[in-house]
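A.B. asks: predicted model and sequence follow; I will ask about them next.
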Amino acid sequence: MNSNFSPEGNSVVEFVVDTVGTGHFDDWQNEREFRENIRTGKPYFNTPPPVKPAKQHNPSQLNQCHRKIYYRQLNAPDERESPDGIFWTGTKFEEEVAMPYLEAVVRGQGYVRNSMWVDYTLDTEHGDIRIRGETDPVIVDSESRPLLLTEIKTKRSVDHLTAPNEHHVAQLFAYMEGLSREWETEVREGLVIYGDRTNLSIKPFFIRFDSKRWDELVIRWAESHTEYRLNEELPPAAPEFPWECEFCSYRHRCGQSDETHHKDLGPDGILPGIDYPEERIVEYLRANPNYKLLPSLATVFPDLTDEFQVHDWVCEACPSTTPYDSHPTGQTMQQCPHCRERGVCASLQDPEPEVQKSLAAERSHD
């Protein structure tokens, strides 16, 4: 029991009412996830992810917008809150609904493994491209040999689904190929099963491996994306599916949002004028220790200045800089003092991403 209260009177009620809230819950949830990752032998989830090798691809990313995946692989800062609730729902649906259902279906005829790893290479014009990832539940025989793959996804509603998403088919194909090679057998059939997050109903789609679609959805996509990565070339903003832009975490950086002047930027640096969630800023700066916090974000999240250094303000009209905390009111926009002395009205701003990148490169050589 917490030493700050006693069960007598209303102190317990007062303590609970005063404590329960967004900030306290977020801290509790983060600590809970941190401990869970250690308990399950996955402490690497508690540290920033490394930049993915140019020739390595996860099946879950295949056949999606090249630019979005390019940003993600190079750890560009996300502009949206982490969809932890969707991830949690998806995991729970798979573990507590889909798995028990599949076990009931195959009882007496087979078994269900919760996942299987694939790790193999494709011989392409760019050399060997590595495909590495973990499947969803697999129907197996008594020797745990794969028979039928599944891909479990959740959606807000499954009522109007008439076909599986193409990138889910690509993902299934990549797993089929990997398990076929690993087990020296033909794993060529699977189910994409969509679960409804509202009423927990399902809609399954039977998928058979197709060599033509395999070439289109997996081989060509992997070759093209590897070429972008090897050439350090920003892919075009040309998603095959319009909904990708609506839910993308990089809309401002890409230039697909009407609320920004940014367009076609690379993956480096934090964008000025974007209301980043605090957790995303922390993730990015911990993964990129040579980068600094933007002064405007330091005024919004002052506690972060205890951990991270802060850029100076830059002037829109002259080359001078001003310390971020030089203005006592904490306003994010203020006049440049150097220009004001000359009778010029000019605002102080955050440094642009290219400036941040240049300064980070200088610090990396110090």
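C.D. replies: Received it, and whenever you're ready, just let me know what you need. Just so it is clear, the structure is predicted and the values come from calculations on it, not from any experiment. Residues are numbered from 1 along each chain as shown.

A.B. asks: report the contact partners of the closest residue to residue 315 other than its chain neighbours.
C.D. replies: Spatial nearest neighbour of residue 315, excluding adjacent residues (Cβ to Cβ, 6 or more residues apart in numbering): residue 336 at 4.0 Å. C-beta coordinates here come from the backbone N, C-alpha and C atoms, glycine included. By Cβ atoms under 8 Å, 6 or more residues apart in numbering, the contact list for residue 336 reads 313, 315, 316, 317, 318, 320, 322, 344, 346, 347, 348.

A.B. asks: next: residue 204.
C.D. replies: For residue 204, counting by Cβ under 8 Å, 6+ apart, the contacting residues are 191, 192, 193, 194.

A.B. asks: one more time with 7 Å
C.D. replies: 191, 193 (Cβ atoms under 7 Å, 6 or more residues apart in numbering).

A.B. asks: what's the neighbour count on residue 125?
C.D. replies: 8 (other Cβ atoms under 10 Å).

A.B. asks: could you check the pLDDT of it?
C.D. replies: Looking at residue 125, its pLDDT is 82.

A.B. asks: give me phi/psi at it?
C.D. replies: Torsion angles at residue 125 (phi, psi; degrees, to the nearest 10) stand at phi -70, psi -10.

A.B. asks: residue 249 contacts residue 80, doesn't it?
C.D. replies: Yes: Residue 249 is in contact with residue 80 according to Cβ atoms under 7 Å; the separation is 4.7 Å.

A.B. asks: which one's more surrounded, the two?
C.D. replies: The neighbour count for residue 249 versus residue 80, taken as other Cβ under 10 Å, is higher for residue 249 (19 against 13).

A.B. asks: from residue 304, how far off is the more buried one?
C.D. replies: From residue 249 across to residue 304, the span is 20 Å (Cβ to Cβ, to the nearest Å).

A.B. asks: mind checking the longest strand of this structure?
C.D. replies: For the chain, the strand with the greatest residue count under DSSP state E is strand 146-155.

A.B. asks: off-centre distance for that strand?
C.D. replies: 21 Å (Cα atoms, centre = their mean, to the nearest Å).

A.B. asks: how about stretch 83-91?
C.D. replies: Distance, centroid of stretch 83-91 to centroid of chain: 12 Å (Cα atoms, centre = their mean).

A.B. asks: buried stuff in that stretch?
C.D. replies: Residues residue 90 are the ones in stretch 83-91 that count as buried (16 or more other Cβ atoms under 10 Å).

A.B. asks: where does the prediction get shaky in the stretch 51-200 of the chain?
C.D. replies: By pLDDT under 70, the stretch 51-200 of the chain has no low-scoring segment.

A.B. asks: can you pull out the helices in it?
C.D. replies: For the stretch 51-200 of the chain, the helices defined by DSSP state H, counting those that start in this stretch occupy 66-73, 84-93, 99-106, 166-183.

A.B. asks: so which elements touch the second one?
C.D. replies: Contacts defined by 3 or more Cβ pairs under 7 Å, 6 or more residues apart in numbering; DSSP states H and E place helix 84-93 against strand 146-155.

A.B. asks: low-confidence regions, the stretch 251-366 of the chain specifically.
C.D. replies: In the stretch 251-366 of the chain, residues with pLDDT under 70: 327-333.

A.B. asks: quick one: the strands in it, in order.
C.D. replies: With DSSP state E, counting those that start in this stretch as the criterion, the stretch 251-366 of the chain has strands at 313-315, 321-322, 348-349.

A.B. asks: residue 46 - how many residues pack around it?
C.D. replies: For residue 46, using other Cβ under 10 Å, the count is 13.
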